[in-house]
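Chemist: this one's sequence-less:
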């Protein structure tokens with residue numbers, strides 16, 4: 001049985017998808033971009049701020065499903081410019097224990113929704 005996860009702590013979907021789906025003990029979180037859910041605006045000051053906002057959005061969705069970053073088993077990071085990898089990685093890494101960090105891939109893409117520079121999705125397990 002699948003359960004739709006919705007929280008006001010993360011931006012509303014900008015298309016026909018759910019913030020996350022909980023199926024059994026597995027949570028599939030849709031890609032998050034740096035939209036501030038309270039103001040509805042994009043955080044684009046610098047790549048570190050943008051990445052922090054993305055991680056906060058992911059954290060809000062995880063919390064709504066009664067999980068946190070320790071439950072994450074897999075992430076996918078889409079970035080516009082691989083030259084930002086080191087800065088994104090530093091912010092991203094601060095949310096995980098380096099010993100138990102999730103599996104992950106990072107992919108450079110030509111374009112992301114709303115022309116953001118980073119989008120991250122994850123899978124978590126209770």
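Modeler: Perfect, thanks for sending it. Being a predicted model, the structure only gives us computed values, none of them experimental.

Chemist: use CA for all of it now, contacts and neighbours both
Modeler: Noted.

Chemist: centre of the chain to stretch 10-22, how far?
Modeler: Distance of stretch 10-22 from the chain centroid (C-alpha atoms, centre = their mean, to the nearest Å) equals 11 Å.

Chemist: which helix is the longest one in the chain?
Modeler: Ranked by number of residues, the top helix in the chain under DSSP state H is helix 47-64.

Chemist: now that one: buried residues?
Modeler: For helix 47-64, burial by neighbour count (16 or more other C-alpha atoms under 10 Å) applies to 47-48, 50-62, 64.

Chemist: now do stretch 30-49
Modeler: 30-37, 42-44, 47-48.

Chemist: may I see the residues you listed arranged in TSV, with distance to residue 3 as well?
Modeler: Putting the buried residues of stretch 30-49 into TSV (distance: C-alpha to C-alpha, whole Å) gives the following:
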residue	distance to residue 3
30	14
31	18
32	19
33	22
34	25
35	24
36	24
37	22
42	28
43	29
44	32
47	33
48	32
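
Chemist: from those residues, which single one is nearest residue 23?
Modeler: residue 30 (13.7 Å; C-alpha to C-alpha).

Chemist: how far does stretch 16-35 stretch from one end to the other?
Modeler: The first residue of stretch 16-35 is 17 Å away from its last residue (C-alpha to C-alpha, to the nearest Å).
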